[in-house]
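1. No letters, just coordinates:
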């Protein structure tokens, strides 16, 4: 961490200060547009985002262990993930827009510090009630990820050429993808090593470390903020949906693709932990790494969006997401089929997700945090809905029912994109 800090302080801190001291904004941009500064700082953001978003996904491979300890039925244990996602949605609405009103450095560091306490509370939960409450708080505070994404977009717009926006967002989103993948893998390993609570204690310690690092490397100054009251700020999030068709359409696509994502991942622990597979938590967690291609897809999709290929990337991503459910449906015949399906699914998912973000960031630069909040609320609601209905469908119709549900939702997203693609620009 010290080496990374030195890189940022040696590049970001000096150039940021120089930019603030410069009497000409144009000269400041010219002096940094060819610098590697945005790439270096975006890597720091990617690490921080990965650690923060991982907190939302630790529970997925641990649901069976939680169900046994707290006496919760398999058909309803998915509510742990649902509550976390609802907390995340509330955080997106109530906290993320503050990035357009308050100093983002203080907001990011404050949320990260409170996340440490929330994670420790999950680890110490003596009953299901406190587990649900603390899980909701973990989700609420994990939205620091989106404050960092908006910060990175604003930072790249200030210190780099406009064409760099997609690359920076893609790099940061790659960190988010890796965080999600490692969350499942490490959570499974820690559960086998020291019980399901251990991952939350480990995450609390890592979050504390990254909080200290962010406090030291984030620029102390921020761009000029809008002078509006907090209630008006929240109302403006909903006004953006009325004013920006890109946001409406891409938010609905996000709702559908992340509903499908939760349908895949939430109930997966049950068939894999039971005969004929009887896999351990560590082995189940390793399936998260099968989606590592998504990290590569995220960065590549951002670059293609910069070239004006947003709609082509979106359509291709949604198509392969729909097709991926065919091999996933053959899980009981071959685990390799599941692995192949997960790779294809996550590649398509991240391509669409990054393209969505790149497109909505092309409008209203003064409202990046609110655009992020509006878009990601639908992401979180989709994840919450998918987590709840997937465990219910699994209890009723098994893994085959889950696969039919997921494929139907993915295909619906593809149809929606096809009917609305002419209503939004391609870049």
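-> Received it, and whenever you're ready, just let me know what you need. Values in this document were obtained by computation on a predicted structure and should not be read as measured data.

2. So residue 251 sits against residue 373, correct?
-> No - under the criterion of Cβ atoms under 8 Å, residue 251 is not in contact with residue 373, lying 10.5 Å apart. (Each C-beta comes from the backbone N, C-alpha and C, glycine too.)

3. Looking at those two, which is more packed in?
-> Counting neighbours by other Cβ atoms under 10 Å for residue 251 and for residue 373 shows that residue 373 has the greater number, 29 against 23.

4. Leaving out chain neighbours, which residue sits closest to that one?
-> Using Cβ to Cβ, 6 or more residues apart in numbering and skipping the chain neighbours, the partner closest in space to residue 373 is residue 96 (3.9 Å).

5. can you count the residues close to that neighbour?
-> Residue 96 has 29 nearby residues by other Cβ under 10 Å.

6. just to revisit the earlier point, common neighbours of residue 251 and residue 373, please.
-> Common contacts of residue 251 and residue 373 (Cβ atoms under 8 Å, 6 or more residues apart in numbering): none found.

7. that older thread, can you tell me how far the residue nearest to residue 373 is from residue 358?
-> According to Cβ to Cβ, to the nearest Å, residue 96 and residue 358 sit 18 Å apart.

8. Give me the three-state assignment for residue 279.
-> Here residue 279 takes the coil state, with states given by DSSP: H, G, I helix; E, B strand; the rest coil.

9. And the pLDDT at the residue nearest to it when sequence neighbours are not counted?
-> Distance criterion Cβ to Cβ, 6+ apart; nearest residue to residue 279, sequence neighbours excluded, is residue 272 at 4.8 Å. Residue 272 carries a pLDDT value of 92.

10. Could you give the number of residues near residue 272?
-> 21.

11. what's the one helix or strand it maps to packed up against?
-> Applying DSSP states H and E as the criterion places residue 272 in helix 269-273. Packing contacts for helix 269-273, counted by 3 or more Cβ pairs under 8 Å, 6 or more residues apart in numbering; DSSP states H and E, involve helix 63-70, helix 281-286, helix 368-420.

12. what's the offset of stretch 115-133 from the middle of its chain?
-> Between the centre of stretch 115-133 and the centre of its chain there are 21 Å (Cα atoms, centre = their mean, to the nearest Å).

13. Quick check: end-to-end length of that stretch?
-> End-to-end distance for stretch 115-133: 13 Å, by Cα to Cα, to the nearest Å.

14. Name the residues that touch it?
-> Stretch 115-133 is contacted by residues 52, 55, 66, 70-72, 79-80, 83, 134-135, 137-138, 140-142, 144, 197-198, 200-201, 203-204, 207-208, 211 when judged by Cβ under 8 Å, 6+ apart.

15. at 6 Å instead, please
-> With contact meaning Cβ atoms under 6 Å, 6 or more residues apart in numbering, stretch 115-133 is reached by 70, 83, 134-135, 137-138, 141, 197, 200-201, 203-204, 207-208.

16. any idea of the mean pLDDT in that stretch?
-> Averaged across stretch 115-133, the pLDDT comes to 95.

17. so which of the helices and strands packed on helix 269-273 comes closest to residue 215?
-> Nearest of the helices and strands packed on helix 269-273 to residue 215, taken as Cβ to Cβ: helix 368-420 at 19.8 Å.

18. Which secondary structure elements does the closest one sit against?
-> Under the contact definition 3 or more Cβ pairs under 6 Å, 6 or more residues apart in numbering; DSSP states H and E, helix 368-420 sits against helix 79-94, helix 144-159, helix 230-243, helix 245-265, helix 310-328.
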